[in-house]
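Novice: Below: sequence and its predicted model.
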Amino acid sequence: MSGLREFFSSLKGSPEQPPRTCKQCGTEIPYAEYVANHCICPQCGTYFRMRAVERLDETVDPGTFQEMDKKLKSKNPINFPDYAEKLEKAEKASGLNEGVVCGTAKIGGIDCGLFVMDSAFMMGSMGTVVGEKITRLFEKATASKLPVVGFITSGGARMQEGIFSLMQMAKVSGAVKRHSEAGLLYIAVLTDPTTGGITASFAMQGDIIIAEPKALIGFAGQRVIEQTTGEKLPAGFQRAEFQLEHGFVDLIEERSRLTYTLRKLLKLHQPHN
Amino acid sequence: MAIADVKTAYERVQAARNGKRPMGSYYIEHMIDDFVELHGDRRFGDDAAIVAGVGYLNRIPVTVIAMERGDTIEERMKRNFGCPEPEGYRKALRLMKEAEKFRRPVICFIGSSGAYCGIEAEKRGQGLAIAENLYEMMGLKTPVISVVVGEGGSGGALALGVCDTAIMLENAVYSVISPEGCASILWKDASKAPEAAAHLKLTSYDLLKFDVVEKVIPETGKTDREICSALKAVLMTEITRLSQMTPEALLDHRYEKFRKIGG
Ligand SMILES: [Zn+2]
């Protein structure tokens, strides 16, 4: 059935899944060990950026994920040069049609809407398809009275789709608002990196905002800030711990405990009767 | 659309950024009667990059929120060259809520290279401030009209751009990224900005064609005063039209306006 599932199983334990190498300490980690350890380096504790499929496998009750709008692909709305080729390359490299995977699933037995961004597809940047898929997910969750859990990683708006990308920030915000007004829960999980127009829209619109340790979370790019102000950035600037200290995220959760925490929060927010 | 061909995209970017081009304060001065400026976000401070207050458009009470970069160098320093900090967006939202309470239409003037990029702005939640405006403006139960009068720079512009009617002056631009930023990312060469500007489709006529804006106010061959009067007439028509809608219809219409973009 789903290409995602096939891709998923090809990822797991298949001989062509190479070991991962930690950028921090150089340790080579066999893939099976890598996923068993939540995509964290067992040697130095560095968090790798998780693929959407790995995140789903880690988070949802087995066999409950039903993908939505999997086939949606960008139509290159402003006919941007070399963009079509870039999309094709991103598809091949990621095994996905776009930078977000959306659907419904159970987490700890509770039905949820779920969106998982994937930085392997053009840095998880938001163009029309990412915006449309997340909007549809919130609309579906509103209609079906489901909470939404979103795993966010994104470099921001996708410049190759120009003004259409920018407008997705408003479009998704509208759908998040309608979902919220229906009395439904939205948990945003911010992972490395969450920046630009994503921070300036649905990443910061969760009822509850959870961050992974050390994740880069911010609006303006670090190089841009340095160039604009000529100031040196303080250590830990725009990391999850910085955002917690300044009051912008509710909690930082270790990846190994994240599913457990999500289950607890989802259970607590369930309607009483 | 012959007029659109008169200037290249980058010439329009330069026109939009021209230091002599009227910004928010000009339109307030020449269009709004009995304007009273209202300051501060009641949280942290007052951001001079956004001028906001109440007054009359003809005889209709309105709330006006305008990005302003200033004229003299001192004023530009004070106003951060028109790049708002979180307090500016929070002031804007506070006054939009006040407008909603009194069922008063809101007019936003957009003209800024973008939200201010700085360490302190990040510490005070620049991303959150914009995110809250997008979210709250989607539910604001009073007409909102946004006018891009200069450079509409990315999320920092959109934070005043969630509206019922979007208007652009002919030589204003509105883009997800500056042409320079785009050129440096794509070609590692900011001097290719003119090429990037053309590819980004950021002119008023592009956005009209894309249904992202509803009206373009012609500038070619017109004085600033003439442009201002033409804009005023359009604002009057739109306010009259939008004021006849129920709050529910207004919000549905606003939702659909954005919902259909890239759908
Ligand atoms: Zn390591």
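Specialist: Alright, I've got the coordinates.

Novice: Which residue is it, in chain B, that comes closest to chain A?
Specialist: Residue nearest to chain A within chain B: residue B:262 (3.0 Å; CB to the nearest CB). Any C-beta I mention is one placed from the backbone N, CA and C, and that applies to glycine too.

Novice: now that residue: how far from residue A:158?
Specialist: Applying CB to CB, to the nearest Å, one obtains 11 Å for the distance of residue B:262 from residue A:158.

Novice: okay, these two: which has more neighbours?
Specialist: Set side by side, residue B:262 and residue A:158 show more neighbours around residue A:158, with 30 against 24, by other CB atoms under 10 Å in any protein chain shown.

Novice: thinking again about what came up before, intersection of neighbour lists for residue B:262 and residue A:158?
Specialist: Common neighbours of residue B:262 and residue A:158, counting by CB atoms under 8 Å, 6 or more residues apart in numbering or on different chains, are residue A:127.

Novice: what's near enough to touch residue A:71?
Specialist: Under the criterion of CB under 8 Å, 6+ apart, the contact list for residue A:71 reads residue A:97.

Novice: That one: what secondary structure?
Specialist: Each residue gets one of three states, and residue A:71 gets coil by DSSP: H, G, I helix; E, B strand; the rest coil.

Novice: buried ones in stretch A:247-264?
Specialist: Burial within stretch A:247-264, assessed by neighbour count using 16 or more other CB atoms under 10 Å in any protein chain shown, is assigned to A:248-250, A:252-253, A:255, A:258-259, A:261-263.

Novice: any idea how far the ion is from the nearest residue to residue A:181 once chain neighbours are set aside?
Specialist: Nearest-residue entry for residue A:181: residue B:139, 7.4 Å, with adjacent residues in sequence omitted and distances by CB to CB, 6 or more residues apart in numbering or on different chains. When distance is defined by CB to the ion, to the nearest Å, residue B:139 is 46 Å away from the ion.

Novice: Double-check that residue B:139 belongs to a helix.
Specialist: No: under the criterion used here (three-state DSSP), residue B:139 is coil, not part of a helix.

Novice: residues in contact with the closest residue to residue B:45 other than its chain neighbours?
Specialist: Across the structure, with CB to CB, 6+ apart as the measure, the residue nearest residue B:45 apart from its sequence neighbours is residue B:87 (4.8 Å). Residue B:87 makes contacts with B:40-41, B:43-47, B:124, B:129, as judged by CB under 8 Å, 6+ apart.

Novice: Quick check: residues of the stretch 1-150 of chain A near chain B?
Specialist: Counting by CB under 8 Å from any CB of the partner chain, the residues of the stretch 1-150 of chain A close to chain B are A:77-78, A:80-81, A:127-129, A:131-132, A:135.

Novice: Kindly recompute the last result at 10 Å.
Specialist: Of all the residues in the stretch 1-150 of chain A, those in contact range of chain B (CB under 10 Å from any CB of the partner chain) are A:74-75, A:77-83, A:126-132, A:135-136, A:139.

Novice: And the residue of the stretch 151-263 of chain B that's closest to the ion?
Specialist: Here the stretch 151-263 of chain B gets closest to the ion at one residue, residue B:185, 29.7 Å apart by CB to the ion.

Novice: Burial check on that residue, number of neighbours?
Specialist: 12.

Novice: OK, contacts around it?
Specialist: Shown in contact with residue B:185 (CB atoms under 10 Å, 6 or more residues apart in numbering or on different chains): A:159, B:177, B:196.

Novice: all helices for chain B, in order.
Specialist: Shown for chain B, the helices assigned by DSSP state H span residues B:9-17, B:24-31, B:73-78, B:86-101, B:119-123, B:126-137, B:154-158, B:179-187, B:193-200, B:204-209, B:224-243, B:247-259.

Novice: among those, which is the most enclosed?
Specialist: Highest mean neighbour count of the helices of chain B: helix B:154-158, a mean of 29 (counted as mean count of other CB atoms under 10 Å in any protein chain shown).

Novice: so how far is residue A:229 from the residue in the stretch 51-200 of chain B that the ion sits nearest to?
Specialist: Taking CB to the ion as the measure, the stretch 51-200 of chain B has residue B:122 as its residue closest to the ion, at 28.3 Å. Here the criterion is CB to CB. By it, residue B:122 lies 11 Å from residue A:229.

Novice: hey, what's in contact with both of the two?
Specialist: Overlap of the contact sets of residue B:122 and residue A:229 (by CB under 10 Å, 6+ apart) consists of A:220, B:116.

Novice: how close does the closest residue to residue A:251 other than its chain neighbours get to residue A:154?
Specialist: Nearest non-adjacent residue to residue A:251, counting by CB to CB, 6+ apart: residue A:210, 5.6 Å away. From residue A:210 across to residue A:154, the span is 16 Å (CB to CB).

Novice: higher neighbour count, these two?
Specialist: Neighbour tally, residue A:210 and residue A:154, criterion other CB under 10 Å: the higher count belongs to residue A:154, 28 against 22.

Novice: Phi, psi for the more buried one please.
Specialist: Per-residue torsions, residue A:154: phi -170, psi 140 (degrees, to the nearest 10).

Novice: Pairing partners for the residue nearest the centre of chain B in the sheet, please.
Specialist: The central residue of chain B, meaning the one whose C-alpha is nearest the mean C-alpha position (CA atoms, centre = their mean), is residue B:110 at 2.0 Å. Note on residue B:110: beta-bridge partners residue B:148, judged by DSSP bridges.

Novice: That one against residue B:148, yeah?
Specialist: Yes: between residue B:110 and residue B:148 a contact is recorded at 4.6 Å, counting by CB atoms under 10 Å.

Novice: which residues are common contacts for those two?
Specialist: By CB under 10 Å, 6+ apart, residue B:110 and residue B:148 have these common neighbours: B:67, B:157, B:160-161, B:166-168, B:172, B:174.

Novice: What residues does the stretch 101-250 of chain A have near the ion?
Specialist: Where proximity means CB under 5 Å from the ion, the stretch 101-250 of chain A presents no interface facing the ion.

Novice: residue of the stretch 101-250 of chain A with the smallest distance to chain B?
Specialist: Ranking the residues of the stretch 101-250 of chain A by distance to chain B (CB to the nearest CB) places residue A:128 first, at 3.0 Å.

Novice: Tell me who's in contact with the residue lying closest to that residue once chain neighbours are set aside.
Specialist: Leaving aside its chain neighbours, residue A:128 sits nearest to residue B:262 (3.0 Å; criterion: CB to CB, 6+ apart). Contacts were defined as CB under 10 Å, 6+ apart; by that measure residue B:262 touches A:74-75, A:77, A:127-132, A:135, A:161, A:163-165, A:167-168, A:171, B:210, B:212.

Novice: Tell me which of these fall in helices.
Specialist: Secondary structure assignment (DSSP H) places A:128-132, A:135, A:163-165, A:167-168, A:171 from the contacts of residue B:262 within helices.

Novice: Serialize the helices of chain B to TSV and add fields for distance to residue A:88.
Specialist: Compiled in TSV, these are given as follows (distance: least, CB to CB, whole Å):
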stretch	distance to residue A:88
helix B:9-17	27
helix B:24-31	44
helix B:73-78	45
helix B:86-101	38
helix B:119-123	36
helix B:126-137	31
helix B:154-158	27
helix B:179-187	17
helix B:193-200	19
helix B:204-209	25
helix B:224-243	43
helix B:247-259	28
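
Novice: Take the ones you listed and write them to JSON lines, including mean pLDDT.
Specialist: Listed next are the helices of chain B as JSON lines, based on pLDDT from 0 to 100:
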{"stretch": "helix B:9-17", "mean pLDDT": "96"}
{"stretch": "helix B:24-31", "mean pLDDT": "96"}
{"stretch": "helix B:73-78", "mean pLDDT": "93"}
{"stretch": "helix B:86-101", "mean pLDDT": "98"}
{"stretch": "helix B:119-123", "mean pLDDT": "96"}
{"stretch": "helix B:126-137", "mean pLDDT": "98"}
{"stretch": "helix B:154-158", "mean pLDDT": "97"}
{"stretch": "helix B:179-187", "mean pLDDT": "93"}
{"stretch": "helix B:193-200", "mean pLDDT": "97"}
{"stretch": "helix B:204-209", "mean pLDDT": "98"}
{"stretch": "helix B:224-243", "mean pLDDT": "98"}
{"stretch": "helix B:247-259", "mean pLDDT": "98"}
